[in-house]
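# Dropping the sequence and predicted coords here.
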Amino acid sequence: MNFDNLIKEWNAAGKTGGIPDVSVVRTISPGDDIQAAIDAVQASGGGAILLEEGAYRVNKTINLKSDVVLRGEDRDKVVIESTIRSNDGDATIEMDKLTNARSENLTMDYVVPGYDPD
C-alpha cells in the first residue's frame, strides 16, 4: 500500500478555508424540544442552536437539517442522553445527505433506562 498517496489525500481533506462560524439564532434549555428548534431554525434560513448546560434526554431520533448546527455551551456540561439503541438500526442524530450541518461542543451518552451504574 502506498501511504504517501493517502497522506496527500488526508492533507487535502476538510473544507477550504476552514469550517465557517455559524451565528446562534436560537438557544434552548434541557427539557425543550430539540427537533422543534431544528425545524424552526431550518425554516427560517438556518443558523446555530445553542444548547445550554444540562442533560437532554433523547428517546427518538433527532433529524438534523441542512444549514443547522447543534452547538453545546460546554462539551463537558452539555450531554445528550440517548436511550436509542444503535443496533436496532436507529441513530441518536440522523445526519444523512445534509449540507452545512453539524453537531459540536457537546457530549453524547447512551443511557439504559432503569440502570444506575453507581
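Thanks, I have it. Numbers count the residues shown, from 1 in each chain.

# What is the three-state secondary structure of residue 41?
For residue 41, the assignment made with DSSP: H, G, I helix; E, B strand; the rest coil gives helix.

# hang on, I meant residue 70
Each residue gets one of three states, and residue 70 gets strand by three-state DSSP.

# How many residues are close by it?
By the criterion of other C-beta atoms under 10 Å, residue 70 has 26 neighbours. C-beta here means a position set from N, CA and C on the backbone, and glycine is covered the same way.

# name the element the residue nearest the centre of the chain belongs to?
Closest residue to the average C-alpha location of the chain: residue 103 at 2.8 Å, with C-alpha atoms, centre = their mean. Per DSSP states H and E: residue 103 is located in strand 102-104.

# contacting residues for residue 58?
By C-beta atoms under 8 Å, 6 or more residues apart in numbering, the residues touching residue 58 are 34, 80-84, 92.

# ok, back up a step: do I have it right that the residue nearest to the centre of the chain meets residue 75?
No - Residue 103 is beyond contact range of residue 75, at 10.5 Å (criterion: C-beta atoms under 8 Å).

# Now residue 38. Its backbone dihedrals?
Main-chain dihedrals, residue 38, degrees, to the nearest 10: phi -60, psi -50.

# Neighbours of it, how many?
Count around residue 38 with other C-beta under 10 Å applied: 22.
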